[in-house]
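>>> prediction below, plus the sequence it came from.
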Amino acid sequence: MLLGVLVNNDAIQVHITEEDALMPHRPYEDVRVTGHLIDSGIMSKIMDAIVAFDAEFETLTFEVGRTNEDASVAEIRVHGRDEHHLDEVLGAIQMFGAEPIDPEDAHLVAAPADGVFPDGFYATTNLDTAVRVNGRWIQVTNPEMDLAIIIDADSGEATTVPMGDVKAGDLLVVGHSGLRVRPVERPREAQAFEFMNSAVSSEKPKKQVVADIARMLREVRAAGKDVIAVVGPAVVHTGASPHLARLVELGYVNVLFGGNAVAVHDIESALYGTSLGVSMKSGMPMLGGHEHHLRAINAIRALGGIKPAVTAGALSEGLMHTLVSNGVPYVLAGSIRDDGPLPDVITDVIEAQRAMRPFCQEAGACIMLSTMLHAIATGNMLPASCTTVCVDINPAVVTKLSDRGSFQTIGIVTDVGLFLEQLANELDG
Ligand code: NAD
């Protein structure tokens, strides 16, 4: 029962009696959460998660910050049906920053075999995370979702590890104890995208959206952070690759991720003037054009790859040429659909993930352009701190990315060709 609301100079406090809060016969844990709990929707997300798990909560105290800048603090008692249920609920609300008031150390268990996590391993989020070992909080480096946390027995450092990279005997975090996760809060200052946070935009004014994205990219570059472009072949089919190449030259694309197709069709367009056999000039299919992409792949294979083809002067224009000439790195990841593939394509997808990960950790922004496969793969690897823009003509793809639930993911439903032309024009001048 709520007994009273107390206002003091620092905060509004909501008090609930200890007796009321007690629910005997059920295990419970008292958790504390601090931050912009109301305007970032964190408090309601925590309560929704507890209810969704069919568990119960008691708000013990709730100190509401008085101004925009003040943080709020809530202490909540979470009741589960049994210890296992309680652990599940605590795991679910941990990603919103709720942590036990009396934290224990994290439980560490050795991996039973190469490539196998121990039972009950802690599955990471893409959020800023710390782990408590021997009473000391250690920051987890390389935040990425759906991995585990490994503790280096010698240095005591904590980092994320993919399942395939774990070795028998590695010490991994199990359960949800001794973990602190910081959720993404709504930005305090009015900034790009505030009007469309978490939204999938198909009806928003595109000019304004593009101007906001351009502003964000300028800010990321000014902060010395890199921008990843994740690119599908529709960028070439729509005739937009010269605009993307302009962004590379202007320094707004610092690494490109894609598959075989985007590189193949770009090189086809450079060598034959077609994309998927369709003339880039007239938009009409060319006689024998359906073979052009195969001939393009063959030509590059004969030269040993894209870079040797540029060096030999055989590839003298197009997006891939621009990347090579400007020293901008790219990672091309293979798929079951690939023809050839080009020698540059990493056909072992786990190796491709390894090649992408370091770029993901360094990036300040990522623009995903008309590729469901590579956009979602990259989205899984990005830390929540990376501002992400997903452009696709299919709202389902954009929704899937935006549903990662962070304020930093912006979905735009539009034709990628029109989008890139407008963005390059906005930044080029
Ligand atoms: P995908 O299905 O993952 O994504 C294509 C996306 O483009 C879709 O979401 C679609 O809605 C979107 N799209 C299409 N036209 C658009 C437009 N005008 N504007 C905005 N969005 C648009 O397919 P993918 O990324 O093209 O290919 C998947 C994998 O298959 C990749 O690895 C690719 O390299 C490979 N592939 C290889 C070949 C080849 O080797 N010949 C050909 C095709 C694809």
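Cool, got the structure. Small disclaimer: the values here were computed from a predicted structure and weren't measured. Numbering: from 1, shown residues only.
>>> please enumerate the strands of the stretch 51-200 of the chain.
56-65, 72-79, 99-100, 107-110, 128-133, 136-141, 148-151, 158-161, 171-174, 179-182, 200-201 (DSSP state E, counting those that start in this stretch).
>>> so which of the ones you listed is nearest the ligand?
strand 200-201 (13.3 Å; Cβ to the nearest ligand atom). For glycine as for every other residue, the C-beta is placed from the backbone atoms N, C-alpha and C.
>>> just to revisit the earlier point, save the strands of the stretch 51-200 of the chain as a markdown table, and put in mean neighbour count and distance to Val253 too.
Putting the strands of the stretch 51-200 of the chain into a markdown table (neighbours: other Cβ atoms under 10 Å; distance: least, Cβ to Cβ, whole Å) gives the following:
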| stretch | mean neighbour count | distance to Val253 |
| --- | --- | --- |
| strand 56-65 | 19 | 39 |
| strand 72-79 | 21 | 39 |
| strand 99-100 | 20 | 38 |
| strand 107-110 | 15 | 41 |
| strand 128-133 | 19 | 26 |
| strand 136-141 | 16 | 26 |
| strand 148-151 | 22 | 32 |
| strand 158-161 | 20 | 26 |
| strand 171-174 | 22 | 36 |
| strand 179-182 | 21 | 29 |
| strand 200-201 | 22 | 22 |
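>>> of all the ones you listed, which one is nearest Ile267?
Ile267 lies closest to strand 200-201 among the strands of the stretch 51-200 of the chain, at 32.8 Å (Cβ to Cβ).
>>> what's the mean pLDDT across that closest one?
Mean pLDDT, computed over strand 200-201, is 56.
>>> what do you get for stretch 148-165?
Mean predicted confidence for stretch 148-165 is 96.
>>> which stretches of the stretch 251-400 of the chain form helices?
According to DSSP state H, counting those that start in this stretch, the stretch 251-400 of the chain carries its helices in the segments 260-272, 292-303, 306-311, 319-325, 349-362, 372-381, 395-402.
>>> so which of those helices is the most surrounded?
helix 260-272 (a mean of 26; mean count of other Cβ atoms under 10 Å).
>>> other SSEs contacting it?
helix 234-237, strand 274-275, helix 292-303, helix 306-311, helix 319-325, strand 330-333 (3 or more Cβ pairs under 8 Å, 6 or more residues apart in numbering; DSSP states H and E).
>>> and of these, who's closest to Thr59?
Across the helices and strands packed on helix 260-272, closest to Thr59 is strand 330-333 (Cβ to Cβ), at 46.6 Å.
>>> and that closest one, average pLDDT?
Mean predicted lDDT for strand 330-333 stands at 98.
>>> neighbouring strands of that strand in the sheet, and parallel or not?
Strand 330-333 has the following sheet partners, assigned by DSSP bridges: strand 255-258 (parallel), strand 345-346 (parallel).
>>> ok, back up a step: nearest to Arg301 among the strands of the stretch 51-200 of the chain would be which one?
Nearest to Arg301, of the strands of the stretch 51-200 of the chain and by Cβ to Cβ, is strand 158-161 at 35.0 Å.
>>> centre of the chain to the closest one, how far?
17 Å (Cα atoms, centre = their mean, to the nearest Å).
>>> what pairs with it, parallel or antiparallel?
strand 136-141 (parallel), strand 148-151 (antiparallel).
>>> can you list contacts of the last one?
Read that as strand 148-151. Applying Cβ atoms under 8 Å, 6 or more residues apart in numbering, the external contacts of strand 148-151 come out as 106, 108, 117, 121-124, 129, 131, 133, 138, 140, 157-161, 163, 166, 170-173.
>>> including mean neighbour count, could the strands paired with strand 330-333 go into TSV?
TSV is the format used below for the strands paired with strand 330-333 (neighbours: other Cβ atoms under 10 Å):
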stretch	mean neighbour count
strand 255-258	24
strand 345-346	20
